[in-house]
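Peer 1: here you go, sequence then predicted model.
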Amino acid sequence: MTSPAAVAGLLAMLVATVGVGVFARRFARTTSDLLVAARAVPPPANAAAIGGEYLSAASFLGVAGLVMKFGYDVLWYPVGYAAGYLVLLVFIAGPLRRFGAYTIPDFAEGRFNSPAFRRLAVGLVIVIGLFYTLPQMKAAGITVASAASVPYVVGVVVMAVVVVTIVVAGGMRGVTLVQAMQFMVKLFAISVPVFVLLIHFGTPGSVFSAVTAHQSATLPNGTTVHVSQGEEWRVTRSVAVQVDHPTRVRLASAEPAPQPVYVGAPQATPPPYRDQLVTLDSGGVLPAGRVRWEQSADVSLPAGEPVPYGAATPLSPTSSWLRPFGPLAGGSGQPLLFTYSLIVGILCGTMGLPHILVRFYTNPDASAARRTASLVLVLVGVFYLWPPLYGVIGRVQAPQLYTGDLTDSVVLLLPRLIPTPLVGDALTAVTAAGAFAAFAATLSGLLISLAGGLGHDVYGRWLRPAATGPQRNRAFKIGAVAAGVAAALLGLLVENFDISVLVGWAFAIAASSFFPLLVLGIWWRGLTTAGAALGTAIGGIAATLAIVTTMLAAASPSLADVLTRNSALAVILAQPAIVTIPIAFVVMVSVSLLRPRVPIGVAAKMVQLHIPDRLGLRRDYIPD
């Protein structure tokens with residue numbers, strides 16, 4: 001159903017975003033303006049912009065959706081997102097700014113005197129950037145679809161057009177202003193509605209009591225769900241006593257003939273399943289288990305019944321939803337391995353995200369970069385207080401989202417359930433604007449990073465090394481358009497994946513490639529070019545292949561069965577960082593020790609990375 005308030009919020013944020021971006025166009029004239037905002041962004045403004053860029057759709061929509069879907073396990077996501085900045089502050093921010101490069105590929109080439117290594121780094125920037133665009137496009141699709149009742153593809157296309165316009169118009173200068181504004185919108189939109197929701201639905205204590213009052217999520221009100229032909233449900237059951245709960249249903253639009261329904265064995269039964277055929281007239285009782293409707297129907301579920309879970313949503317009775325190290329592992333039987341790999345990937349991935357690291361090049365000096373990282377840590381920590389509350393409230397007030405695998409929409413839906421129409425409409429507009437700000441801010445930074453790689457490196461250094469400044473600026477803008485088109489096309493393929501899971505994959509690739517490169521490249525003078533390049537390539541490629549295998553398994557039942565039989569392998573492929581990061585470090589150190597040929601001038605570069613700014617010896621790195 002179309003929500004006029006949500007549409008109004010989206011349009012207001014769209015106009016504000018484009019307006020600020022176009023206004024900033026007057027400040028974007030040179031390559032330095034486009035790529036690093038002339039290195040003149042003060043720490044408070046840069047911290048707000050980084051907060052706007054870093055707090056993506058995974059933070060605004062995905063964390064709440066995953067808390068609702070999996071329970072307390074998901075709190076590791078915001079912990080990792082926030083803690084990553086602490087490590088970045090200590091080890092990376094200051095030295096990286098002192099080196100004075102434009103991009104991570106600039107650092108790779110400048111530190112190791114290797115144009116070939118630069119090409120590898122550019123390739124990884126593009127891979128990580130494209131992976132990170134996927135959750136932003138998913139968020140755009142579901143937000144616009146939820147607000148305006150239009151197809152998912154419309155939201156993806158609209159978002160691509162808007163963000164490409166901002167990036168082409170203002171480059172990093174324009175994006176900095178847009179992202180700083182969008183951070184304030186996101187913080188307001190995620191925090192204020194929570195207080196109003198708690199006023200209407202009860203205190204935090206009463207909400208938690210309501211969660212624990214039932215063995216499984218139950219419907220507070222009668223709900224009608226449209227079931228498409230061939231769609232599967234997994235009806236909840238009580239794990240505590242190992243007794244299945246049948247579900248009473250009524251066909252809201254009864255057909256002349258009885259409705260055939262195939263009901264499979266309960267989830268605990270190992271495959272192969274044996275389905276049984278059940279026929280319903282105007283209503284009846286479904287046995288618990290996997291349910292497949294043979295014909296499309298509108299199914300009415302009475303209040304108080306256990307919620308039917310969609311095919312992509314795991315059964316999560318309260319006993320497991322409240323227990324850490326449980327459902328998040330996807331029933332793999334390896335919850336600790338999954339959790340540790342997730343934490344390591346997110347924590348280390350923060351330090352390897354190209355679109356975040358380039359932000360520290362926009363500071364005037366290393367001291368400002370450190371102050372920026374400190375402020376970001378505070379801003380991110382304050383933001384993450386609120387999304388988990390949406391997930392808890394959603395389990396009580398909007399459990400129907402489980403049926404359609406729509407938990408990523410819980411932040412957008414809850415304000416509409418407030419009984420006071422005026423208040424509900426106002427908060428619906430606010431959350432819709434916040435969601436738009438979330439994916440627009442992050443996607444803007446990603447397109448800056450991708451356009452920099454395509455325009456500054458692929459075109460300006462390899463295809464046309466003699467190109468003038470205006471030609472390179474034009475190539476940057478063409479690269480932004482190409483990256484936006486690619487992001488939109490890939491976004492159409494991930495409608496059925498969770499937002500935060502998609503973000504976790506981008507973090508895993510960054511953690512396996514650029515994180516070891518930066519840590520050893522900054523702090524170990526013995527790292528050789530061969531060791532750095534080989535370790536970066538092996539770590540990044542291994543993580544990418546593992547994740548692509550997991551994505552293919554989602555579309556291939558035979559491959560999924562193979563992974564199901566080997567739970568440890570399934571976890572490592574889904575969250576490879578716990579394996580691929582050590583592999584990258586071992587390769588870098590081993591190759592460097594076996595062939596100790598450090599780059600020429602490494603001593604001077606280590607001094608540049610670590611000498612205090614007050615000595616006045618810092619200089620910006622400019623590629624030849």
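Peer 2: Yep, that arrived. Residues are numbered from 1 along each chain as shown.
Peer 1: show me what the helix or strand that contains L337 is packed against.
Peer 2: If you go by DSSP states H and E, L337 is part of helix 335-349. On a contact count with 3 or more Cβ pairs under 8 Å, 6 or more residues apart in numbering; DSSP states H and E, helix 335-349 meets helix 76-91, helix 499-523, helix 567-574, helix 577-594. Quick note: C-beta positions are derived from backbone N, CA and C, even for glycine.
Peer 1: quick check: buried residues in it?
Peer 2: 335, 337-349 (16 or more other Cβ atoms under 10 Å).
Peer 1: could you check the angle it makes with helix 499-523?
Peer 2: 60 degrees (axes from the mean of the first three to the mean of the last three Cα atoms, to 10 degrees).
Peer 1: could the buried residues of helix 335-349 go into TSV alongside distance to A584 and pLDDT?
Peer 2: Formatted as TSV, the buried residues of helix 335-349 follow (distance: Cβ to Cβ, whole Å; pLDDT from 0 to 100):
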residue	distance to A584	pLDDT
P335	25	75
L337	19	84
F338	20	83
T339	21	83
Y340	17	87
S341	14	88
L342	18	85
I343	17	88
V344	12	91
G345	13	91
I346	17	89
L347	15	89
C348	10	91
G349	13	89
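Peer 1: of all those, which comes closest to Q136?
Peer 2: Distance to Q136 across those (Cβ to Cβ) is lowest for G349, with 16.1 Å.
Peer 1: so how many other residues sit close to the residue nearest to that closest one when sequence neighbours are not counted?
Peer 2: Sequence neighbours aside, F507 is the residue nearest to G349 in space, at 2.9 Å (criterion: Cβ to Cβ, 6 or more residues apart in numbering). Residues lying near F507 (other Cβ atoms under 10 Å) number 32.
Peer 1: tell me who's in contact with L120.
Peer 2: Under the criterion of Cβ atoms under 8 Å, 6 or more residues apart in numbering, the neighbours of L120 are A108, A533, T536, A537.
Peer 1: list the beta-bridge partners for V299.
Peer 2: Applying DSSP bridges to V299 gives these bridge partners: V225, L251.
Peer 1: surely it touches T223?
Peer 2: No. Counting by Cβ atoms under 8 Å, V299 stays clear of T223, with 9.0 Å between them.
Peer 1: buried set for stretch 187-197?
Peer 2: L187, A189, I190, S191, V192, P193, V194, V196, L197.
Peer 1: those helices in the stretch 301-450 of the chain, which residues are they?
Peer 2: With helices called from DSSP state H, counting those that start in this stretch, the stretch 301-450 of the chain shows them at 318-321, 335-349, 354-360, 366-383, 387-397, 400-403, 410-413, 421-451.
Peer 1: so can I have CSV of those showing distance to V485?
Peer 2: Shown next, in CSV, are the helices of the stretch 301-450 of the chain (distance: least, Cβ to Cβ, whole Å):
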stretch, distance to V485
helix 318-321, 40
helix 335-349, 26
helix 354-360, 18
helix 366-383, 31
helix 387-397, 31
helix 400-403, 32
helix 410-413, 27
helix 421-451, 11
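Peer 1: return the member of the ones you listed having the minimum mean pLDDT.
Peer 2: Comparing mean pLDDT across these, the weakest is helix 354-360, with a mean of 71.
Peer 1: okay, now the unreliable bits of the stretch 101-250 of the chain?
Peer 2: For the stretch 101-250 of the chain, the stretches with pLDDT under 70 are 101-102, 169-175, 227-245.
Peer 1: can you rerun that using 90?
Peer 2: For the stretch 101-250 of the chain, the stretches with pLDDT under 90 are 101-111, 113-116, 118-119, 122-123, 125-127, 129-186, 199-250.
Peer 1: hmm, back to that, and the helices and strands packed on helix 335-349: which comes nearest T133?
Peer 2: Nearest to T133, of all the helices and strands packed on helix 335-349, is helix 499-523, at 8.7 Å by Cβ to Cβ.
Peer 1: buried sites along the closest one?
Peer 2: Applying 16+ other Cβ under 10 Å to helix 499-523 flags 499-522 as buried.
Peer 1: spell out the residue ranges of the strands in the stretch 101-250 of the chain.
Peer 2: Under the criterion DSSP state E, counting those that start in this stretch, the stretch 101-250 of the chain contains strands at 223-227, 232-235, 237-238, 243-244, 247-251.
Peer 1: does anything pack onto the last one? Which helices or strands?
Peer 2: When contacts are defined as 3+ Cβ pairs under 8 Å, 6+ apart, strand 247-251 sits against strand 283-286, strand 297-301.
Peer 1: so which of the ones you listed is the most packed in?
Peer 2: Greatest average neighbour count among these goes to strand 297-301 (a mean of 20), per mean count of other Cβ atoms under 10 Å.
Peer 1: burial count for the nearest residue in space to A574 that is not next to it in sequence?
Peer 2: Take A574 and drop its neighbours on the chain: the residue closest to it by Cβ to Cβ, 6+ apart is T550, 4.8 Å away. T550 is flanked by 22 other residues according to other Cβ under 10 Å.
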